[in-house]
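> Here is my input; please provide its structure:
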Amino acid sequence: MRSLRRETADTWTVSLDVSSRPGGFPFQPGQFNMLYVFGVGEVAISISGDPSRPAELIHTVRAVGATTRALCRVGRGGMLGVRGPYGRPWPLEEARGQDVVVVAGGLGLAPLRSVILHLLRHREKYGQVLLLVGARTPEDLPFRRDLERWQADSRLRVLVTVDKASPGWKEHVGVVPALLRDVAVDPARTVALMCGPEVMMRFTVRELERLGVPDARIHLSLERNMKCAVAFCGHCQLVPYFLCKDGPVFSYDRLRSFISLREV
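Sure thing, here's the model as predicted:
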């Protein structure tokens, strides 16, 4: 492990040095790795680093279970097992020449951070870029240094909201979907990418549909219950799909018929 940086009270960003591997560890934005803590267990974590820097692997981890807590205790110089990358990436080739709306709720910004880094590195290949970010409180916002840098970058527009403001908070207060009421979107040339709590994504989809964005242009990352990454264990099955193999990124037209069903 190269470094460990605290993002929020229970969330850490882990940097792994993989420069000794020939070619590093290439990945596409939206993919995930299986991280193994020796003697403890393995967990699926999105890659949140820069795809143009394959010698460094970055993952942002919420320490909520035995494996993730152990992972965040490994410390600088420690060893982790890595296998991957797995999963379908964000459709950034499809989005070329289009406006891109990126919507993140809470730690959902982690699998979208690599998207923002890619869009900025290849800024001339895309239209307008809009980033909408939400969290419960300002203290729950991950990547705050990145957000400050992106807000100061004229190549994209960044709107941030929280459910509950702290003293000194000067930005939006409210739910993420409401931010779409403050922006102009051309539905014929917009591709939307989002990740976060599923209730947030459902209401954001409704708002995008109200604006006229087609379901096939709305893409969601569903990162729940992934255990094996190769569609053997069945833990992540979502009706006809295995999230680890068929996702975790899906266009909404593939999910529409069952994503809101109870018990699914």
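
> Which residue would you name as the spatial centre of this protein?
Nearest to the mean C-alpha position of the chain, by Cα atoms, centre = their mean, lies Pro111 at 2.3 Å.

> Break this structure down into its structural domains.
Domain segmentation of the chain under automatic domain parsing yields 3-86, 99-221.

> Just put those domains in CSV and tack on mean pLDDT.
What follows is the domains of the chain, written out as CSV (pLDDT from 0 to 100):
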stretch, mean pLDDT
domain 3-86, 94
domain 99-221, 96
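
> got TSV for these, with distance to Pro240 too?
Any C-beta I mention is one placed from the backbone N, CA and C, and that applies to glycine too. Shown next, in TSV, are the domains of the chain (distance: least, Cβ to Cβ, whole Å):
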stretch	distance to Pro240
domain 3-86	19
domain 99-221	16
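
> Please name whichever of these is nearest to Leu238.
Checking the domains of the chain against Leu238 by Cβ to Cβ gives domain 99-221 as the closest, at 11.0 Å.

> That closest one: end-to-end distance?
Start-to-end span of domain 99-221 (Cα to Cα, to the nearest Å) is 19 Å.

> again, but for stretch 133-148
Its start and end residues considered, stretch 133-148 measures 12 Å (Cα to Cα).

> contact partners of that stretch?
For stretch 133-148, the surrounding residues in contact (Cβ atoms under 8 Å, 6 or more residues apart in numbering) are 7-9, 11, 13, 60, 104-107, 109-110, 113, 116, 158-166, 169, 175-176, 179, 196, 200.

> out of those, which are inside strands?
With strands taken from DSSP state E, the overlap with these comprises 7-8, 11, 13, 60, 104-105, 158-162.

> If we only consider these, which is nearest to Val183?
Closest to Val183, out of all of the ones in strands among the contacts of stretch 133-148 and judged by Cβ to Cβ, is Leu159, at 7.3 Å.

> Identify the bridge partners of that closest one.
For Leu159, the beta-bridge partners are Leu132 (DSSP bridges).

> What of His172?
Beta-bridge pairing for His172 (DSSP bridges): Thr161.

> Check Tyr86 too.
According to DSSP bridges, the partner residues bridging Tyr86 are Phe32.
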